[in-house]
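Asker: Got a sequence here, can you build the structure:
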Amino acid sequence: MGRKFVDCRAFPSQMNCSIAISADSEGELLEAAVQHAVAVHGHQDTPELRQQLKGIIKDGMPSEEAPSRAA
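Answerer: Alright, predicted model coming up:
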């Protein structure tokens, strides 16, 4: 099993956050990404937020280049 990551640059944000989070499991990664979204960006922990975050989980490690932002 390889690493998975979420790159905050791929998620729409007014603050243009550049944080990337990686973990060995999707569950661990999702929990960390939800905590970041709530604490830093002020989102509510909802099923919709979790679905959006699941949609930007990628295999491997983040690139140095910014990914396209989701609409």
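Asker: Could you give the average pLDDT over the longest helix anywhere in the chain?
Answerer: Of all the segments of type helix in the chain, defined by DSSP state H, the longest one is helix 26-39. Mean per-residue pLDDT for helix 26-39: 97.
Asker: Pull out the buried positions in that helix.
Answerer: Buried residues in helix 26-39, counting neighbours by 16 or more other C-beta atoms under 10 Å, are found at 29-30, 33-34, 36-37. Quick note: C-beta positions are derived from backbone N, CA and C, even for glycine.
Asker: Just the closest of those to residue 51, please.
Answerer: residue 30 (10.2 Å; C-beta to C-beta).
Asker: For that closest one, which residues are in contact?
Answerer: 50, 53-54, 57 (C-beta atoms under 8 Å, 6 or more residues apart in numbering).
Asker: Then residue 13?
Answerer: Applying C-beta under 8 Å, 6+ apart to residue 13 gives the contacts residue 41.
Asker: any idea how far it lies from residue 28?
Answerer: Distance of residue 13 to residue 28, given as C-beta to C-beta, to the nearest Å: 22 Å.
Asker: Sketch out the low-pLDDT regions of the chain for me.
Answerer: By pLDDT under 70, the low-scoring segments of the chain are 1, 65-71.
Asker: now the helices for this structure?
Answerer: 26-39, 47-55.
Asker: any chance of the ones you listed in CSV, plus distance to residue 5?
Answerer: CSV is the format used below for these (distance: least, C-beta to C-beta, whole Å):
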stretch, distance to residue 5
helix 26-39, 7
helix 47-55, 12
